[in-house]
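A.B. asks: got a predicted model here, sequence first, then my questions.
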Amino acid sequence: MRALSQRSLKTPLVLLLISSTIVGSVAYALFAQAFTSAGASNLTGVNNFAILANTYTNTGAGTVLNGDLGYAVPPANSPTVTGTTFTSTSPTYISAEAIQAKLIAFLNDPAQSGACTTTLTAATVLDSLPQPLTPGVYCIAGAVSINTVTTLSGDGVYIFRLGGALNTVAGSIVKLAGNAKADNVSWVPVGATTLGANSVFAGNVLSNAAITVGTKVSLDGRILSNGAVTTGPFDAITAPKGITPPVDTTPPVITLLGANPQVIQVGGVYNELGATVADPDNVGLVAIINSSAVNTSVVGSYIVTYNAVDPAGNQAAQVTRIVSVVAIIPPPLSGVVITLSGQTSCHALGGTWTDASSTCTVSTLTIISGNTLVIASNVTLSNTGLITDLGTITNSGPAANSGTITIGPTGILTTTNTFDNTGTITSSGTITNNGPVTNGLTGTITSSGLITNTLTGTITNLGTITNSGPVTNAGTIANSGTLTNGPTGVITDSGTIINKNAGIITTSGTITLPTSGILTNELGGTVTNSLNIINSGSITNSGALVSSGPITQSATGIIVNTGTGLITNSGILTSSGTITNSGPITNSGPITNSGSITNSAAITNSAVITNSGSISDSCGGSISGLVVGNPIANACVP
């Protein structure tokens, strides 16, 4: 559809209270502001319709529609139509209903069609306002009625955003003066519309609520609805011709969905894979498909044709698909490398191609064992359904998953570009990450296979990661969600693991830090260990570290508990390295120290500390409980 035009706001909005007025028994507050031009509506695709409806009912003879008529459910009594009648299967009707929906959204959106220039906070009799009404956006919270004469005067756009029904009394008039045009008048009621008998009305009524036109009504405008429209006898509705729409000379473009050729085993069922139709001037266009030549009972090749035409009569270039009916469908070849590099390869995978973003969207994709899918660097793969990986997938280009990816025991996923997951990934195979991976808030990664995060790899977890297999990290893992390492899980960290604020790391398996390994638990983070932490690297705790399992620290190992850190240990802590404590430690498990402990906070100990190394208590430090072996040195100098 051609973009709906907008006019920029040329003056700042200045809202001034003018008056409080009583009309009959209804009170309302009237506001005005510095004049802001309302955005004109682009009626291309609906401008020729006198009536566009879902269900159309005409209750009597003598009704004339000067323009086109469109409906899904036809009337029992047909009116006189000077234009063309379009039914629900017509591309013109389908496109027009899509445009009608966009027009309603456009007219109700201040950012597109303009802010309110007049605001009425209750039901309003429109002709009781100071006349004439001038161009602008009239925002009325309640129902609107026209009892006598309402005059619209001035060349410009009139938009009536109504929070209730629209009613005109029998014999009432909406009058256009001062070069006001019906094409530029839009009535957008939320409730039902009723035009009283013998009334005169002007403008376009856009609503999906019921619209009823009484007997002998004259309407200079259009009724554009996706609901029920009823006309009475002897009505005259004329679609304005005051604005010449831009000439549409651009033909639609057809893009096939699914495989081409399409292979079917003889005796099987032919399922049409479909096609999309793109047109910058129209929406809702559908392809005209002729598959009558296909005969699945006879081996052979058959041609399916795809055509399309827009309301201006522009014909799309015909597209064809070959349907091959074969005696036996050959098994998928093994050892095949498939490179996703553009539209053709996307369609070969059964995906949908978006040219503007070079994105291939798939809903079903299986990579069999021995085959490889390479995502080229210029293409984004987006999965919204199910990908089953039994072979190898390598993303040199970005990838995004909002569906489900299942990596089987033989499956390999290697990432070198951005990979965003907001869906579900389940792996019993191998995942190797060389680039940035983000597991979003709704993302879930469950692995019983091998995960390798290389030196260049970054994994950012905002959702849930559950591991029961081996994980090797040489890069960076940043956790703000939940990371669970199960009883069979082994995490070897020679890079950096950072548990951020609100992050939770729970391990009932093993975490091993070599000399280069870093584990940082930031303020607000929680790390819980119930099995085994082996540290030859560096652990820094500024949050909560709770351990009921063994922590074993070698001579190169360093544990730092900062002033905001809290360590609660009920397991076995064995250290031949360095422990520096500035925060509280509560210990109910045995501690064996052959290294050095430097303490400047409270260590509350209810178990035995066996010290063959050095324990130094500086100012502010205190250690309670039983210490066996080398005594505690008091390093506090008054």
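C.D. replies: Great, that's in hand. Bear in mind the structure is a predicted one, so any value in this text is a computation, not a measurement.
A.B. asks: okay, now the domains of the protein?
C.D. replies: Here the domain parsing of the chain from automatic domain parsing is 15-238, 253-326, 334-432, 468-638.
A.B. asks: state the distance from the residue nearest to the spatial centre of the chain to residue 442.
C.D. replies: Closest to where the C-alpha atoms of the chain average out (C-alpha atoms, centre = their mean) is residue 402, at 9.7 Å. Note on residue 402: its distance to residue 442, by C-beta to C-beta, to the nearest Å, is 8 Å. C-beta coordinates here come from the backbone N, C-alpha and C atoms, glycine included.
A.B. asks: which neighbours do these two have in common?
C.D. replies: 422, 423 (C-beta atoms under 8 Å, 6 or more residues apart in numbering).
A.B. asks: before we move on, the earlier item: may I see the domains of the chain organised as JSON lines, with mean pLDDT and distance to residue 447 added?
C.D. replies: Formatted as JSON lines, those follow (pLDDT from 0 to 100; distance: least, C-beta to C-beta, whole Å):
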{"stretch": "domain 15-238", "mean pLDDT": "86", "distance to residue 447": "43"}
{"stretch": "domain 253-326", "mean pLDDT": "88", "distance to residue 447": "32"}
{"stretch": "domain 334-432", "mean pLDDT": "91", "distance to residue 447": "4"}
{"stretch": "domain 468-638", "mean pLDDT": "95", "distance to residue 447": "6"}
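A.B. asks: please enumerate the helices of the stretch 251-400 of the chain.
C.D. replies: Secondary structure of the stretch 251-400 of the chain (DSSP state H, counting those that start in this stretch): helices at 343-348.
A.B. asks: what's the separation between residue 337 and residue 585?
C.D. replies: Distance of residue 337 to residue 585, given as C-beta to C-beta: 56 Å.
A.B. asks: which of those two has more neighbours?
C.D. replies: residue 585 (24 against 11; other C-beta atoms under 10 Å).
A.B. asks: check contacts around the more buried one.
C.D. replies: Residue 585 touches 561, 566, 567, 568, 569, 601, 602, 603, 604, counting by C-beta under 8 Å, 6+ apart.
A.B. asks: ok, 7 Å please
C.D. replies: Under the criterion of C-beta atoms under 7 Å, 6 or more residues apart in numbering, the neighbours of residue 585 are 561, 567, 603.
A.B. asks: can you check residue 514 too?
C.D. replies: Neighbouring residues of residue 514 by C-beta under 7 Å, 6+ apart: 494, 536, 537.
A.B. asks: name the nearest of the residues you listed relative to residue 468.
C.D. replies: Nearest to residue 468 among those: residue 494, at 20.8 Å, using C-beta to C-beta.
A.B. asks: what's the neighbour count on that closest one?
C.D. replies: Counted with other C-beta under 10 Å, residue 494 comes out at 18.
A.B. asks: could you list every residue that touches it?
C.D. replies: 473, 474, 514, 516, 517.
A.B. asks: apply 6 Å and report the result again.
C.D. replies: 474, 514, 516, 517 (C-beta atoms under 6 Å, 6 or more residues apart in numbering).
A.B. asks: pull out the buried members of these.
C.D. replies: 474, 514, 517 (16 or more other C-beta atoms under 10 Å).
A.B. asks: now, which of the residues you listed sits nearest residue 259?
C.D. replies: residue 474 (40.5 Å).
A.B. asks: what sits against that closest one?
C.D. replies: Neighbour list for residue 474: 454, 455, 494, 495 [criterion: C-beta under 6 Å, 6+ apart].
A.B. asks: 7 Å - rerun?
C.D. replies: 453, 454, 455, 494, 495.
A.B. asks: quick one: which of those is most hemmed in?
C.D. replies: residue 453 (24 neighbours).
A.B. asks: local confidence estimate at it?
C.D. replies: pLDDT, residue 453: 96.
A.B. asks: bridged to it, which residues?
C.D. replies: residue 433, residue 473 (DSSP bridges).
A.B. asks: state the distance from it to residue 68.
C.D. replies: 62 Å.
A.B. asks: which SSE is residue 130 in?
C.D. replies: Element membership for residue 130, per DSSP states H and E: none, as it lies in no helix or strand.
A.B. asks: do you know how far it is from residue 569?
C.D. replies: Counting by C-beta to C-beta, the gap from residue 130 to residue 569 is 80 Å.
A.B. asks: with residue 523 instead?
C.D. replies: The value you get for residue 523 to residue 569, if C-beta to C-beta is used, is 19 Å.
A.B. asks: the two: who's more crowded?
C.D. replies: Neighbours were counted for residue 523 and for residue 569 using other C-beta under 10 Å; residue 569 has more, 22 against 14.
A.B. asks: quick check, the more buried one in contact with residue 590.
C.D. replies: No: contact criterion C-beta atoms under 7 Å: residue 569 and residue 590 do not qualify, at 9.6 Å.
A.B. asks: show me where the stretch 201-350 of the chain has its strands.
C.D. replies: 211-213, 218-224, 228-231, 236-238, 253-256, 262-265, 275-278, 288-290, 300-307, 319-326, 337-340 (DSSP state E, counting those that start in this stretch).
A.B. asks: residue 159 is nearest to which of those?
C.D. replies: strand 218-224 (13.5 Å).
A.B. asks: remind me what that closest one packs against, helices and strands.
C.D. replies: Secondary-structure packing of strand 218-224 (3 or more C-beta pairs under 7 Å, 6 or more residues apart in numbering; DSSP states H and E): strand 49-52, strand 200-206, strand 236-238.
A.B. asks: please consider this matter closed, and thank you.
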